[in-house]
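Engineer: Here's a sequence, model it:
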Amino acid sequence: MSAMIQDYLAGRTTVLLLLPIVFGILIISVIIIKRMMKRKAFQREQLRRLLQIGKQGEEDTIYQLSRVRGPKYILHNLYVPLNNGAGTTEIDMILIHKTGIFVIENKNYAGWIYGDESESRWLQVQTKDGKRWEKLFYSPIRQNQNHIRNLKHFLEEAFDWDIPYCSVIVFNDKAKLKRIRITSEELLVSESRKIKRRLHKKMRRMKRVFGKRQMAALYQRLAPLENPGKRVKRQHEKYVSQAGARHRHFMH
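Structural biologist: From the prediction side, this is the model:
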């Protein structure tokens, strides 16, 4: 057999041996591309849905959360049962990420904001008609602590995992954070336009605690609480109104 024929047969044999590998790579590439497209389609649909149901002043925060890198689930307007079963607490947004659960309290305020993690009252300062206007409001950190306490109880009923929670307070861009004193590692206070960058910075220092299946399980557990029917909302408003009346009576 001539050397030319031998070279031809050897080359053909090599091609035949490589064909299964090439086809395998192509199939794997198609599967990966399909999964990426499916994930992106889910994220686009999730953003569209969230923006539709978002309250005024929350759109910027929702958009910034949607840009956080990596697989994630975003839930909005959740009514979580209280530990004592007496009512519900309303959580603005929850971000489920591989590094933990981020519970977001969104504040639609304007003006300068002053606050301290240890204080129960924060200060809002605005200038109207050349006059300084001040208003005290309840600490959003303490407000979110109550949200996380009830959320933790709700999730512990279904999961025995060690779930890290991060409290995130977001002020819209009409507000300017002037002097905010924070010491806790599991706490983040930010203006809306900065929240994506600050979350990325924080997540880089955190360990991965959830796989994709765990993230999906957490989402399935919380999804029924998102934007519930009118009956649940009326019950929540009634509970909040009664709790407010009791608080005013106690203060007097």
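Engineer: can you map out the helices along the stretch 151-252 of the chain?
Structural biologist: Assigned by DSSP state H, counting those that start in this stretch, the stretch 151-252 of the chain shows helices spanning 195-204, 212-222, 230-251.
Engineer: which regions of the stretch 1-150 of the chain lie under the pLDDT threshold?
Structural biologist: Scanning the stretch 1-150 of the chain for pLDDT under 70 picks out 1-57.
Engineer: Can you show me the helices along it?
Structural biologist: 3-53, 59-66, 140-156.
Engineer: Can you report how many residues lie near Cys166?
Structural biologist: Around Cys166 there are 22 other residues, counting by other CB atoms under 10 Å. The C-beta positions use only the backbone N, C-alpha and C, and glycine is treated the same way.
Engineer: Show me what it is bridged to.
Structural biologist: Cys166 forms beta bridges with Phe102, as assigned by DSSP bridges.
Engineer: Show the contacting residues for it.
Structural biologist: 100-103, 186-188, 202 (CB atoms under 8 Å, 6 or more residues apart in numbering).
Engineer: would you list the residues you listed in TSV and tack on distance to Thr89 and neighbour count?
Structural biologist: Converted to TSV, these look like this (distance: CB to CB, whole Å; neighbours: other CB atoms under 10 Å):
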residue	distance to Thr89	neighbour count
Gly100	20	21
Ile101	15	22
Phe102	17	25
Val103	11	23
Glu186	19	14
Leu187	18	16
Leu188	20	19
Lys202	24	19
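Engineer: can I get those in a markdown table with distance to Arg208?
Structural biologist: As requested, the contacts of Cys166 are arranged in a markdown table below (distance: CB to CB, whole Å):
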| residue | distance to Arg208 |
| --- | --- |
| Gly100 | 9 |
| Ile101 | 13 |
| Phe102 | 14 |
| Val103 | 19 |
| Glu186 | 17 |
| Leu187 | 21 |
| Leu188 | 19 |
| Lys202 | 14 |
